[in-house]
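Q: Mind looking at a prediction? Sequence and model below.
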Amino acid sequence: MSDRISGDTPGRVRKAVRMHPDTFQRVTYWASKRELSENEYLVEAIEEKIARENGDYDLPTLEIARLNQLVDELGALSRNTANLERVVTGGFDSLLGLTRGDSYLLDAEAGDLDVPDTAAAVVGS
């Protein structure tokens, strides 16, 4: 499948490629934008595709951002679960205390508010 021509650079193989005119237009645009020849751009694109197929690639910025967002959400979910557990445990402890009669709300009250009753003080005098 490879076409080796006697005048080619050693270590390189010449290969004809057929592509859609729109694809060729995009190759021309991006090659000029990156200041590469069309051949250099195609070789680089093929090498990047092969690296991606092999799983050898850097995560793009959007993937990293989404992964960080998911990690943050997992941390928040963990904190929310811990808070919910604390609230439920506290509520059940309060209910158990009420059923045993251990509540400060059920203590007998003498009616004293530690404030002198002015009417009683007047009557008593």
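A: Received, thanks.

Q: Sketch out the helices for the protein, chain order is fine.
A: Per DSSP state H, the chain carries helices over the ranges 21-33, 38-53, 61-100, 118-123.

Q: Between those helices, which one is closest to Ala110.
A: Nearest to Ala110, of all these, is helix 118-123, at 14.2 Å by C-beta to C-beta. Using the backbone N, CA and C atoms, a C-beta is placed for each residue, glycine as well.

Q: any idea of the mean pLDDT in that closest one?
A: Helix 118-123 carries an average pLDDT of 56.

Q: Same question for stretch 11-24.
A: 90.

Q: So which bits of it are buried?
A: The neighbour-count check on stretch 11-24 (16 or more other C-beta atoms under 10 Å) flags nothing as buried.

Q: would JSON lines of the helices of the chain with distance to Ala110 be doable?
A: Formatted as JSON lines, the helices of the chain follow (distance: least, C-beta to C-beta, whole Å):
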{"stretch": "helix 21-33", "distance to Ala110": "89"}
{"stretch": "helix 38-53", "distance to Ala110": "81"}
{"stretch": "helix 61-100", "distance to Ala110": "22"}
{"stretch": "helix 118-123", "distance to Ala110": "14"}
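
Q: And those helices: which comes nearest Val13?
A: Closest of the helices of the chain to Val13 is helix 38-53, at 10.6 Å (criterion: C-beta to C-beta).
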